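Participant: just coords:
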């Protein structure tokens, strides 16, 4: 079975976590795993936007990591923007965290299997998944997994 995974910015950013070397090591291992079959990696325009505002040295390093993963870029369109707004209306995240709704909406509309994120507060938790599933059902989309890198299957 092939898995189509949306990798959000937090995963790339974790490679540069100066406070948690174990998370850095785990993230590197997971990204190496995603580079190979049975995985297909995807990112969306919000990932590029978030990287573009990072400090220069970090931005260059993040861009290098994204390039080494060779993900398919998903462009936003009317369907994903409508779905992100529906997540916002359902109070998935506060307004300043709108990009998290955009990440999930892009992955949902692209019919991916999962969003991979280290963002436990706003994405990878039972309450947030419940909101996403409720909105997806209402709009006729299938349910999407929102998982931490630790949940990426070994194969």
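Facilitator: In hand now; what should we look at? From a predicted model like this one, the values you see are computed outputs, not experimental measurements.

Participant: just the strands in the protein please.
Facilitator: Secondary structure of the chain, counting by DSSP state E: strands at 3-7, 39-44, 72-74, 114-116, 145-147.

Participant: of these, which is nearest residue 20?
Facilitator: When those are ranked by distance to residue 20, counting by Cβ to Cβ, first place goes to strand 114-116 at 17.3 Å. Backbone N, C-alpha and C define where each C-beta goes, glycine included.

Participant: now do that closest one: which elements does it pack against?
Facilitator: Identification of packing neighbours for strand 114-116 by 3 or more Cβ pairs under 8 Å, 6 or more residues apart in numbering; DSSP states H and E yields strand 3-7, helix 98-109, strand 145-147.

Participant: could you single out the most deeply buried of these?
Facilitator: Burial of the helices and strands packed on strand 114-116 is given as mean neighbour count (mean count of other Cβ atoms under 10 Å); helix 98-109 ranks first at a mean of 26.

Participant: how about the contacts made by the closest residue in space to residue 91 that isn't next to it in sequence?
Facilitator: Using Cβ to Cβ, 6 or more residues apart in numbering and skipping the chain neighbours, the partner closest in space to residue 91 is residue 131 (7.2 Å). Residues touching residue 131, when contacts are defined by Cβ atoms under 8 Å, 6 or more residues apart in numbering, comprise 87, 90-92.

Participant: what about residue 101, distance to residue 3?
Facilitator: Distance of residue 101 to residue 3, computed by Cβ to Cβ, to the nearest Å: 23 Å.

Participant: ugh, typo on my part, it should be residue 126
Facilitator: Summarising the geometry, the distance separating residue 126 from residue 3, computed by Cβ to Cβ, is 22 Å.

Participant: what does residue 148 give?
Facilitator: Between residue 148 and residue 3 the distance, using Cβ to Cβ, works out to 15 Å.
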